[in-house]
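>>> need a 3D model of the following:
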Amino acid sequence: MTLPVTLSLIAVFLAIAVFAGWRGAQPPNPLRGVRMAPHRLIMVTAAAAVLILLVHLVNLLGVHTGR
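Presented below is the predicted three-dimensional model:
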């Protein structure tokens, strides 16, 4: 992946993580029904993707990670 693609994916996954974290922190509202999306799982998955993409970004910038 190129640098612009990596930066845009970081922005997208970061926005998803922030939104899902906000939605997961809302108190349940029984009048609106059951929540159908596991917001905390979505938040953790998006944050893990951001972490992986940050390592990829560091590798693109020339720092050698790993073996």
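>>> so Gly24 is in which element?
helix 3-25 (DSSP states H and E).
>>> then Ile52?
Residue-wise, Ile52 maps onto helix 39-60 under DSSP H and E.
>>> could you export that helix as CSV, CA atoms only?
The C-alpha coordinates for helix 39-60 follow below in CSV (Å, rounded to 0.1, in the frame of the first residue of the first chain):
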residue,chain,number,x,y,z
HIS,A,39,-20.2,-1.6,19.5
ARG,A,40,-17.4,-2.5,21.9
LEU,A,41,-16.2,-5.4,19.7
ILE,A,42,-16.3,-3.0,16.7
MET,A,43,-14.3,-0.4,18.6
VAL,A,44,-11.6,-2.9,19.6
THR,A,45,-11.3,-4.4,16.1
ALA,A,46,-11.0,-1.0,14.5
ALA,A,47,-8.4,0.1,17.1
ALA,A,48,-6.4,-3.1,16.4
ALA,A,49,-6.5,-2.2,12.7
VAL,A,50,-5.3,1.3,13.4
LEU,A,51,-2.4,-0.2,15.4
ILE,A,52,-1.4,-2.6,12.5
LEU,A,53,-1.7,0.3,10.0
LEU,A,54,0.5,2.5,12.2
VAL,A,55,3.2,-0.2,12.2
HIS,A,56,2.9,-0.3,8.4
LEU,A,57,3.2,3.5,8.2
VAL,A,58,6.4,3.4,10.3
ASN,A,59,7.7,0.8,7.9
LEU,A,60,6.8,3.0,4.9
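>>> just give me the residue right at the centre of this structure.
Ala46 (2.4 Å; C-alpha atoms, centre = their mean).
>>> Leu41 and Gly66, how far apart?
28 Å (C-beta to C-beta, to the nearest Å). Glycine gets a C-beta too; all of them are placed from N, C-alpha and C.
>>> could you check which of these two has the larger neighbour count?
Between Leu41 and Gly66, Leu41 has the larger neighbour count (other C-beta atoms under 10 Å), namely 11 against 5.
>>> distance check, the more buried one against Ala20.
Per C-beta to C-beta, Leu41 is found 8 Å from Ala20.
>>> what about the protein, any weak spots by pLDDT?
Within the chain, no range satisfies pLDDT under 70.
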